[in-house]
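Undergrad: Next one to model:
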Amino acid sequence: MDTRLSILIADYQDSVERAVELMVLSGIERPVSNDHWVSLDIPQIGTLRGGVSYFKHGYGCIIHLPRDGVDFDFGAQGQIDGFSVSRLQGYAGARLAEYGFCTLKELHDAFESATHSDLLFSGDQLYYLTASQNETKV
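TA: Here you go, the predicted structure:
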């Protein structure tokens, strides 16, 4: 896998993990599935511990962490390590060059290339690292 993409995915997943930890610390139940998330009776817009805002949507959430915002979906079994090229693009935002990508096309090309051997498609918007990529994660 392209090293730049690997680093971006790792940073994104770390931010999602921090966001979910903050949700739980703020009293929001961690869902066991994406359907469970949809059924949770919490306000669509709210504030977490430390004044961090969130927006609940569909199978996921946007959380505005102090250093970076992250938009993610829960997987079918409540996983939080799934991603898509659009989620990675949104996460990197203006920092795309910091990850070594000069253009969005470079990011999309690297992602497309990774779908052939390094990523597994869930069948529902999200991709996951293959077992071999999880073992060599940056």
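
Undergrad: got the contact list for residue 19?
TA: Shown in contact with residue 19 (C-beta atoms under 8 Å, 6 or more residues apart in numbering): 61, 63, 65, 70, 72. To be clear about C-beta, it is placed using only N, CA and C from the backbone, and glycine gets the same treatment.

Undergrad: and after the host helix or strand of it, which helix or strand comes next?
TA: Using DSSP states H and E, residue 19 falls within helix 3-25. Sequence order places helix 34-39 as the next helix or strand after helix 3-25, per DSSP H and E.

Undergrad: Pull out the buried residues from the helix holding residue 19.
TA: Buried residues in helix 3-25, counted by 16 or more other C-beta atoms under 10 Å: 4-6, 8-9, 11-13, 15-16, 18-20, 22-23.

Undergrad: Run the chain-centre distance for that helix.
TA: Computed by C-alpha atoms, centre = their mean, to the nearest Å, the chain-centroid distance of helix 3-25 equals 6 Å.

Undergrad: One more: stretch 73-89?
TA: Here the centre of stretch 73-89 is set off from its chain's centre by 5 Å, with C-alpha atoms, centre = their mean.

Undergrad: Send me that stretch as CSV with only the CA atoms.
TA: Taking Å, rounded to 0.1, in the frame of the first residue of the first chain, the C-alpha atoms of stretch 73-89 are listed here in CSV:
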residue,chain,number,x,y,z
ASP,A,73,-19.8,5.4,10.4
PHE,A,74,-20.2,2.5,12.6
GLY,A,75,-19.8,-0.9,10.9
ALA,A,76,-22.4,-3.6,10.8
GLN,A,77,-21.0,-5.1,14.1
GLY,A,78,-20.2,-1.7,15.6
GLN,A,79,-16.7,-1.6,14.2
ILE,A,80,-15.0,1.8,14.2
ASP,A,81,-12.1,1.1,11.9
GLY,A,82,-13.9,1.4,8.6
PHE,A,83,-13.3,4.2,6.2
SER,A,84,-13.9,5.4,2.7
VAL,A,85,-11.9,7.6,0.3
SER,A,86,-14.4,10.5,0.9
ARG,A,87,-14.1,10.2,4.7
LEU,A,88,-10.3,10.2,4.4
GLN,A,89,-10.4,13.2,2.0
